[in-house]
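**Student:** let's see this in three dimensions:
(chains A, B, C and D)
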Amino acid sequence: MKINLVAFGITKDILGAREVEYSWDGAQTVGGLLKDLGEKYPQLVDLSSLKVAVNNEYADSEVEITEKDEVVLIPPVSGG
Amino acid sequence: MKINLVAFGITKDILGAREVEYSWDGAQTVGGLLKDLGEKYPQLVDLSSLKVAVNNEYADSEVEITEKDEVVLIPPVSGG
Amino acid sequence: MELPLIHISEDPLELEKITRLVTDDACGAIDIFVGTVRDQTKGKRVLKLDFEAYEKMALSEMAKLAEEAAERWPVKKMAIHHRVGSLAIGEIAVIIAVSTPHRNASFEACKFVIDTLKQTVPIWKKEIFEDGEVWVAAHP
Amino acid sequence: MELPLIHISEDPLELEKITRLVTDDACGAIDIFVGTVRDQTKGKRVLKLDFEAYEKMALSEMAKLAEEAAERWPVKKMAIHHRVGSLAIGEIAVIIAVSTPHRNASFEACKFVIDTLKQTVPIWKKEIFEDGEVWVAAHP
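**Tutor:** Presented below is the predicted three-dimensional model:
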């Protein structure tokens, strides 16, 4: 399975693009995605926090991901 | 001694004018003035509070009043 | 704190201008309190409010408030503008604007000023009803 | 609460207009928080701030905040406007305006919204210094 992964803030800099096609081995869940990303992009592990939004909602690590989902990396927010 | 007494808010309605010439027997102090006013204008006694400003400052009852002072009746304030 | 901007006016208060006056390069936060005329009090319909001020003393009491706030919080700039005269429903009676480096202090200082203003500054309002009028807070 | 007025814009935020939108005949109080760009952070000179938003989700998170505030306080109208793009020192990044019948609730609801916005709404700012740039809060 390949997803379209969207990255904001510092995660865009780390991934090198606003959007990347991404596939990974292991659990096709938020937790599985984060584990794989941490191995391929160690700089992500250094962040204060890293959340994932699936279809515009913050998603826990158990949430399953399918090809149609809008999956977005949310590094520490700093609006206001 | 006669002073020029200035009245705001409801005290203007009670005295019937913004400014009145006023003289009284007894102590020529803020306390003496308030005592005399209360006798001549019983409606003043019904107010939630009645303060006196002498020369732009709230004045305690012991403060002495002279003819040159600017003496103002301050009923309960309600700005804002 | 810079010299506070204290003003009493018969003309409509200018929010944009007041906010520009308190904006400061060293500050990330401005809190602004805007007091407006409500259409009712304790369920009774209000037609308008008439404000009057003992202006000279009101200005000096408002300046004292600003100084007191600046002693307690790191206020950079502050404006306190109060309107007098006859105000229709929805019109602005008072604007308090405070700039501080960080946001908590802006809220606290602004709240302190409006709370204390209502207790100490010689300004009075009369509520005009369909069947009469009342000086607010005059009686227990 | 009426439907909250939530907006993300590349254009300068309009304080006067936003305040008019939340003014309500039944309310005596409007509290407005204005977040501006500071010229320094931890003593280091900032040249400008770049803001970006995951706009769709930021709008829905801001709407949630407004609803949460309305559950806790008697909010009549609320506006949350956030700017994105490149902002110079002194420019306005965010405006939160809340009208309530009485003033305490306006302060509390406004403070709740800005405090929570900074924790949950997917908007990011990058500080641009003379010698580099930093995504705020990205690292411990």
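**Student:** in chain C, which residue sits closest to chain B?
**Tutor:** Closest contact between chain C and chain B, by CB to the nearest CB, is at residue C:123 (3.0 Å). For the C-beta atoms, the positions are set from N, CA and C on the backbone; glycine is no exception.
**Student:** which element, helix or strand, includes the residue most central in space within chain C?
**Tutor:** The residue lying closest to the centre of chain C (CA atoms, centre = their mean) is residue C:94, at 3.5 Å. Using DSSP states H and E, residue C:94 falls within strand C:92-100.
**Student:** helices or strands up against the helix or strand just after that strand?
**Tutor:** Per DSSP H and E, the first helix or strand lying C-terminal to strand C:92-100 is helix C:103-120. Contacts defined by 3 or more CB pairs under 8 Å, 6 or more residues apart in numbering or on different chains; DSSP states H and E place helix C:103-120 against strand C:29-36, helix C:55-72, strand C:77-83, strand C:92-100, strand D:29-36, helix D:103-120.
**Student:** after helix C:103-120, heading C-terminal, what element do we hit next?
**Tutor:** Next in sequence after helix C:103-120, counting helices and strands by DSSP H and E, comes strand C:123-129.
**Student:** list the neighbouring strands of that next one plus their orientation.
**Tutor:** strand C:44-53 (antiparallel), strand C:132-135 (antiparallel) (DSSP bridges).
**Student:** picking that back up, from what I see, the residue nearest to the centre of chain C and residue C:84 are in contact.
**Tutor:** No: between residue C:94 and residue C:84 there is no contact under CB atoms under 8 Å: 10.4 Å.
**Student:** out of the strands paired with strand C:123-129, which gets nearest to residue C:76?
**Tutor:** Residue C:76 lies closest, by CB to CB, to one member of the strands paired with strand C:123-129: strand C:44-53, at 26.8 Å.
**Student:** for stretch A:41-51, measure first residue to last.
**Tutor:** Terminal residues of stretch A:41-51 are spaced 15 Å apart (CA to CA, to the nearest Å).
**Student:** what residues sit buried inside that stretch?
**Tutor:** By neighbour count with 16 or more other CB atoms under 10 Å in any protein chain shown, stretch A:41-51 contains the buried residues A:41, A:44, A:47, A:50-51.
**Student:** do a quick rundown of the helices in chain A.
**Tutor:** Secondary structure of chain A, counting by DSSP state H: helices at A:9-15, A:30-40.
**Student:** who are the packing partners of the strand holding residue C:94?
**Tutor:** Packing partners of strand C:92-100 (3+ CB pairs under 8 Å, 6+ apart): helix C:15-22, strand C:29-36, strand C:77-83, helix C:103-120.
**Student:** export the ones you listed to a markdown table and tack on mean neighbour count and mean pLDDT?
**Tutor:** Below are the helices and strands packed on strand C:92-100 laid out as a markdown table (neighbours: other CB atoms under 10 Å in any protein chain shown; pLDDT from 0 to 100):
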| stretch | mean neighbour count | mean pLDDT |
| --- | --- | --- |
| helix C:15-22 | 18 | 98 |
| strand C:29-36 | 26 | 98 |
| strand C:77-83 | 25 | 98 |
| helix C:103-120 | 21 | 98 |
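**Student:** and of these, who's closest to residue D:98?
**Tutor:** Comparison of those against residue D:98 by CB to CB identifies strand C:29-36 as nearest, at 10.4 Å.
**Student:** hang on, the earlier thing: any idea which of the strands paired with strand C:123-129 is most buried?
**Tutor:** The highest mean neighbour count among the strands paired with strand C:123-129, using mean count of other CB atoms under 10 Å in any protein chain shown, belongs to strand C:44-53: a mean of 17.
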